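Novice: A structural model of the following input is requested.
(one chain, ligands or ions: 1)
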Amino acid sequence: MIIERMYVEHEEGSVSTDPFVIGDEGCIYKATQEAMLSQAEQEAGKGRSIRYITPFVPEQNMQHLYDCIYSLAGEKKLKVTFNDYGFLFRCLDLIKDGNIIPVLGRLLTRSIIDSPWSDEIMKQEEADLSAAVLGPSFIHEAKIEVLNRYNIYELEVNICAPSFIEEWHRMGMKVTGYANNALISIGRTCYSARWHAITGECSGTEACRSPISIELSKKWSRKNFMYQDASHQDRQRYGGMYILGNAVYRQQDSADALAGLMGNYDYMIV
Ligand SMILES: [Zn+2]
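Specialist: A predicted model of the protein is given here:
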């Protein structure tokens, strides 16, 4: 397994030679910040390999992000993680010409098992049905075949059961995990900006880059049309969840559980 290091702001001059990870899964502005891109260029110049995580991309930002990738994909092959099918299609020429190595990101590989309330949804179903549904979306030969047509042979996923990783390996896919968090969802607007009542460009603000933890205190009952106290189990469901910009993440459970799972992954982003 290869460890890859996520870019951290204001942490220039890192001496690590591990592959360098830049970009953002949620925010187009964070994914294209100048300081990060110029550091990536420097690191690439030193021969360090780069993984560029691209977010959900609004139409108006497509060309700019494409240009950022194009200028980084110079001498050394650049790995690009796609979290937007439209943008993947936009970069088809770079993929076909062998300028970048495409990877499918967590926003697209995420499935019902990553939802904190998936067991609650599925408990009404028959056991064999829920066993079939409660798995990653991409455990399927036909889907993998489609990805292969785009030269995609690697998936980024939230930490999941080792049997799933084995299944992907059997289908010829490499699997990348994230050691520190699980991606729950991404919104079109920035939750942090709304919480802090920031108007205008928010990605440069401290508020937008600091996690806000979520705690469940009440839940809405459609049956009674009123709020009810959340049970202990309800609270547990939301344990360790936090907002970062327009993304919702869950902190990875215990270090021990993780250590047991980590072995199967081809790459681990830390
Ligand atoms: Zn923001």
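Novice: what about residue 229, distance to the ion?
Specialist: Distance of residue 229 to the ion, given as Cβ to the ion, to the nearest Å: 32 Å. Heads up, the C-betas are built off the backbone N, CA and C, glycines and all.
Novice: now residue 29
Specialist: 7 Å.
Novice: residues touching residue 90, list them.
Specialist: Contact analysis of residue 90 by Cβ atoms under 8 Å, 6 or more residues apart in numbering lists 62, 66.
Novice: What average pLDDT does the helix or strand containing residue 131 get?
Specialist: Element membership for residue 131 (DSSP states H and E) is helix 127-133. In this model, helix 127-133 has a mean pLDDT of 80.
Novice: Would you mind listing the buried residues in whichever helix or strand comes after it?
Specialist: Going down the chain from helix 127-133, the next helix or strand is helix 141-149, by DSSP H and E. Residues of helix 141-149 classed as buried by neighbour count (16 or more other Cβ atoms under 10 Å): 144, 147.
Novice: And the contacts of helix 141-149?
Specialist: 104, 137, 138, 153, 171, 172, 173.
Novice: dump the residue contacts of residue 266.
Specialist: Contacts of residue 266 by Cβ under 8 Å, 6+ apart are 1, 2, 154, 174, 175, 176.
Novice: Which of those ranks first by neighbour count?
Specialist: Highest neighbour count within the contacts of residue 266, by other Cβ atoms under 10 Å: residue 176, with 25 neighbours.
Novice: Only alpha carbons, please: show the stretch of helix or strand that residue belongs to as CSV.
Specialist: Using DSSP H and E, residue 176 maps to strand 174-178. What follows is strand 174-178, C-alpha atoms only, in CSV (Å, rounded to 0.1, in the frame of the first residue of the first chain):
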residue,chain,number,x,y,z
LYS,A,174,-7.1,-0.5,-7.8
VAL,A,175,-8.7,1.0,-4.6
THR,A,176,-7.8,4.1,-2.7
GLY,A,177,-9.0,4.7,0.8
TYR,A,178,-9.1,7.8,3.0
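Novice: in its sheet, what does it sit against?
Specialist: strand 154-157 (parallel), strand 267-269 (parallel) (DSSP bridges).
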